[in-house]
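A.B. asks: Curious how this folds, go ahead:
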Amino acid sequence: MIKFFHHIHQNFLNEGKTSKYLKYAIGEIILVVIGILIALSINN
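C.D. replies: Model prediction:
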């Protein structure tokens, strides 16, 4: 799975599409935050 995301990351940077990469990065951060919030709510 990590190789998959690394491949996407490399494609965006190699093609010079920084705006698409920023959208991808922000989306990934949001998914991580949601995952952490779900884990905390299950823990309580």
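A.B. asks: any idea which helix or strand carries the nearest residue to residue 28 once chain neighbours are set aside?
C.D. replies: Leaving aside its sequence neighbours, residue 28 sits nearest to residue 5 (CB to CB, 6 or more residues apart in numbering; 7.6 Å). (Glycine included, C-beta is placed from N, CA and C.) Taking DSSP states H and E as the definition, residue 5 sits inside helix 2-14.
A.B. asks: residue closest to the middle of this structure?
C.D. replies: residue 28 (2.1 Å; CA atoms, centre = their mean).
A.B. asks: Give the buried residues for the helix holding residue 5.
C.D. replies: residue 12 (16 or more other CB atoms under 10 Å).
A.B. asks: And for stretch 27-40?
C.D. replies: Buried, per 16+ other CB under 10 Å, within stretch 27-40: nothing.
A.B. asks: distance between it and the chain's centre?
C.D. replies: 10 Å (CA atoms, centre = their mean, to the nearest Å).
A.B. asks: State the mean pLDDT of that stretch.
C.D. replies: For stretch 27-40, the mean per-residue pLDDT is 94.
A.B. asks: longest helix anywhere in this protein?
C.D. replies: If you go by DSSP state H, the chain has its longest helix at helix 18-43.
A.B. asks: Give me the angle between it and helix 2-14.
C.D. replies: Here the directions of helix 18-43 and helix 2-14 differ by 150 degrees (axes from the mean of the first three to the mean of the last three CA atoms, to 10 degrees).
A.B. asks: For helix 18-43, enumerate the helices and strands it packs against.
C.D. replies: helix 2-14 (3 or more CB pairs under 8 Å, 6 or more residues apart in numbering; DSSP states H and E).
A.B. asks: where's the helix it packs on relative to the chain centroid, distance-wise?
C.D. replies: 11 Å.
A.B. asks: got it, and stretch 12-28?
C.D. replies: The answer for stretch 12-28 is 10 Å, by CA atoms, centre = their mean.
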